[in-house]
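Undergrad: coords please:
(chains A and B)
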2 protein chains.
Amino acid sequence: MIKFPRPIRNLIDQFSKLPGIGPKTAERLVFNLLKWKHTDKADFANALNELNDSITQCSTCQNISEKDPCFICSDKNRDKTKLCVVAESHDLAAIENTGDYNGHYHVLGGVLDPLHGITPDVLNTNELVAKLQKNIITEILLAFNPDMEGEATMIYLKNLLEPFKKSKVTRLARGMPVGSDLEYTDEVTLSSAIQNRKEL
Amino acid sequence: MIKFPRPIRNLIDQFSKLPGIGPKTAERLVFNLLKWKHTDKADFANALNELNDSITQCSTCQNISEKDPCFICSDKNRDKTKLCVVAESHDLAAIENTGDYNGHYHVLGGVLDPLHGITPDVLNTNELVAKLQKNIITEILLAFNPDMEGEATMIYLKNLLEPFKKSKVTRLARGMPVGSDLEYTDEVTLSSAIQNRKEL
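TA: Next up, the predicted model:
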């Protein structure tokens, strides 16, 4: 196997560490980068360094942010009685994009996955309980992926939040996604859609 | 659409410039990077900067290299009478990996693609002609992809090198790749395989 010059191998290794990028793809990316202008490559490196220097975590909601508290936690127009619990920052972004939620957030930092060492104490559960102890929140929306880990996390959180009788615990509705096909919808989803049918 | 903090948007834009990486994939990569350790991110940025600082082009074969001339051009054991012309550095690497070629290389810098502005004057054709004028080379192996642009480039080069009667011009054989299936081989490839059949 021919050895690429060390700086190229180095960068291939770095790209290979990213999810979904194998050594062959990494090689293709690096060879593409070789054609970039010097300044463009430097811009890329600077953007990476900036991630280290300018991105912090909001100490209130644990979302990634440039400021602490983040722009959501410091927004006085938001409904303080609603709290949406999500696994990761990008889930928060997805919910924000709908424009249909005006409450606050709590980023848990992952979902329960004991096989990979993600147990409740690794997640931001203590901070969540502390928020509820302030007795302001009336609704907690658990917005997790409807997969095995997500469902397990929601069950765990529901039990954890049981003592706070004042707060209603809700979850995202399951049903048929827009544009989908009855014929190809899996049975569990279709069951949910039937059980949660709505009057027209 | 929620705006991610500027440093994150910045890096998403940078990743999106790479081939095969759309904005959604770039987003996933950046959110993965956010979980990396500070030092690991800095290493990635350094590897990118190193590409700028330490990688040069061999002035003889136009291959990417840490030194000029590169380790192939400066290797005295290589056959100076053979020259393999390839489109890009990674094609050179593929041929080197076989261990079946012991001559020198010439990296053309691409293939003819007039619609995208890649005309003969953009490619390293003058340097190629200059090498042949030294009257040392007896065989030129045109090792291009057997696709439309590759074939067009080989036809162009064959005509360009016509005056150098001393040099035989060859191309990579077309035929069935190892492990392939007669049933699923396309007709052009199978035709080539029949025409170039070999006695056992």
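
Undergrad: unless I'm mixing things up, A:Leu161 is touching A:Val169, no?
TA: Yes: contact criterion CB atoms under 8 Å: A:Leu161 and A:Val169 qualify, at 5.8 Å. (Each C-beta comes from the backbone N, C-alpha and C, glycine too.)

Undergrad: which residues do these two both contact?
TA: By CB atoms under 8 Å, 6 or more residues apart in numbering or on different chains, A:Leu161 and A:Val169 have these common neighbours: A:Ile140.

Undergrad: These two: which has the busier surroundings?
TA: Using other CB atoms under 10 Å in any protein chain shown, the more surrounded residue of A:Leu161 and A:Val169 is A:Leu161, with 20 against 17.

Undergrad: what's downstream of the longest strand along chain A, the next helix or strand?
TA: When chain A is parsed with DSSP state E, its longest strand is strand A:79-86. Using DSSP states H and E, the helix or strand that follows strand A:79-86 towards the C-terminus is helix A:89-98.

Undergrad: For that next one, the averaged confidence score.
TA: For helix A:89-98, mean pLDDT is 89.

Undergrad: same deal with stretch A:19-31?
TA: Throughout stretch A:19-31, pLDDT has a mean value of 93.

Undergrad: Mind checking if it is in reach of chain B?
TA: Yes: Stretch A:19-31 is in contact with chain B by CB under 8 Å from any CB of the partner chain, via A:19-21, A:25, A:27-31.

Undergrad: Now do the buried residues in that stretch.
TA: A:21, A:25-31 (16 or more other CB atoms under 10 Å in any protein chain shown).

Undergrad: swap in stretch A:143-155?
TA: For stretch A:143-155, burial by neighbour count (16+ other CB under 10 Å) applies to A:143-145, A:149-151, A:153-154.

Undergrad: Give me the subset of these that lies in helices.
TA: Judged by DSSP state H, those include A:149-151, A:153-154 as members of helices.

Undergrad: Columns distance to A:Thr185 and pLDDT on top of these, output as TSV?
TA: As requested, those are exported to TSV (distance: CB to CB, whole Å; pLDDT from 0 to 100):
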residue	distance to A:Thr185	pLDDT
A:Glu149	22	93
A:Gly150	19	93
A:Glu151	18	93
A:Thr153	24	95
A:Met154	22	95
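
Undergrad: and the longest helix for chain A?
TA: For chain A, the helix that runs over the most residues, judged by DSSP H, is helix A:38-54.

Undergrad: after that one, next one along is what?
TA: Reading on from helix A:38-54 to the C-terminus, the next helix or strand found by DSSP H and E is strand A:56-57.

Undergrad: any idea how far the closest residue to A:Thr138 other than its chain neighbours lies from chain B?
TA: Distances taken as CB to CB, 6 or more residues apart in numbering or on different chains put A:Thr81 closest to A:Thr138, at 4.5 Å, once the chain neighbours are dropped. Relative to chain B, A:Thr81 is positioned 22 Å away (CB to the nearest CB, to the nearest Å).

Undergrad: In contact with A:Thr81, which residues?
TA: Counting by CB under 8 Å, 6+ apart, A:Thr81 touches A:103, A:136-139.

Undergrad: in chain A, what spans have low per-residue confidence?
TA: Residues of chain A that meet the criterion pLDDT under 70 lie in A:1-2.

Undergrad: circling back to that earlier point, in CSV, list the ones in helices among the buried residues of stretch A:143-155 along with distance to B:Val178.
TA: What follows is those, written out as CSV (distance: CB to CB, whole Å):
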residue, distance to B:Val178
A:Glu149, 42
A:Gly150, 45
A:Glu151, 47
A:Thr153, 48
A:Met154, 51
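
Undergrad: and the longest strand of chain A with helix A:89-98, angle?
TA: Here strand A:79-86 runs at an angle of 130 degrees relative to helix A:89-98 (axes from the mean of the first three to the mean of the last three CA atoms, to 10 degrees).

Undergrad: May I see the buried residues of strand A:79-86?
TA: By 16+ other CB under 10 Å, the buried positions in strand A:79-86 come out as A:82-86.

Undergrad: Using TSV, please lay out these together with distance to A:Asp113.
TA: Conversion of the buried residues of strand A:79-86 to TSV gives the following (distance: CB to CB, whole Å):
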residue	distance to A:Asp113
A:Lys82	27
A:Leu83	23
A:Cys84	21
A:Val85	16
A:Val86	16
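
Undergrad: Which of those sits closest to B:Glu66?
TA: Of all the buried residues of strand A:79-86, B:Glu66 sits closest to A:Val86, with 46.2 Å by CB to CB.

Undergrad: picking up where we left off before, report the two of the buried residues of strand A:79-86 separated the most.
TA: Greatest spacing in these, by CB to CB: A:Lys82 and A:Val86 (13.1 Å).

Undergrad: Check the burial of the nearest residue to A:Cys58 once chain neighbours are set aside by counting its neighbours.
TA: Ranked by CB to CB, 6+ apart and with sequence neighbours excluded, the top spatial neighbour of A:Cys58 is A:Cys70, at 3.7 Å. Residues near A:Cys70, counting by other CB under 10 Å, number 23.

Undergrad: what sits against A:Cys70?
TA: A:Cys70 sits next to A:58, A:60-61, A:63 when contact means CB under 8 Å, 6+ apart.

Undergrad: In those, find the pair that's most separated.
TA: Largest separation among the contacts of A:Cys70 by CB to CB: A:Thr60 and A:Asn63, giving 8.5 Å.

Undergrad: what ranges do the helices span in chain A?
TA: Using DSSP H, the helices found in chain A span residues A:6-16, A:23-33, A:38-54, A:89-98, A:125-133, A:148-160, A:187-195.

Undergrad: so what does the fifth one touch, helix or strand wise?
TA: Pointing back at helix A:125-133 there. Helices and strands touching helix A:125-133, by 3 or more CB pairs under 8 Å, 6 or more residues apart in numbering or on different chains; DSSP states H and E, are strand A:79-86, strand A:103-107, helix A:148-160.

Undergrad: how does it look with 10 Å?
TA: The contact analysis (3 or more CB pairs under 10 Å, 6 or more residues apart in numbering or on different chains; DSSP states H and E) places helix A:125-133 against strand A:79-86, strand A:103-107, strand A:139-143, helix A:148-160.
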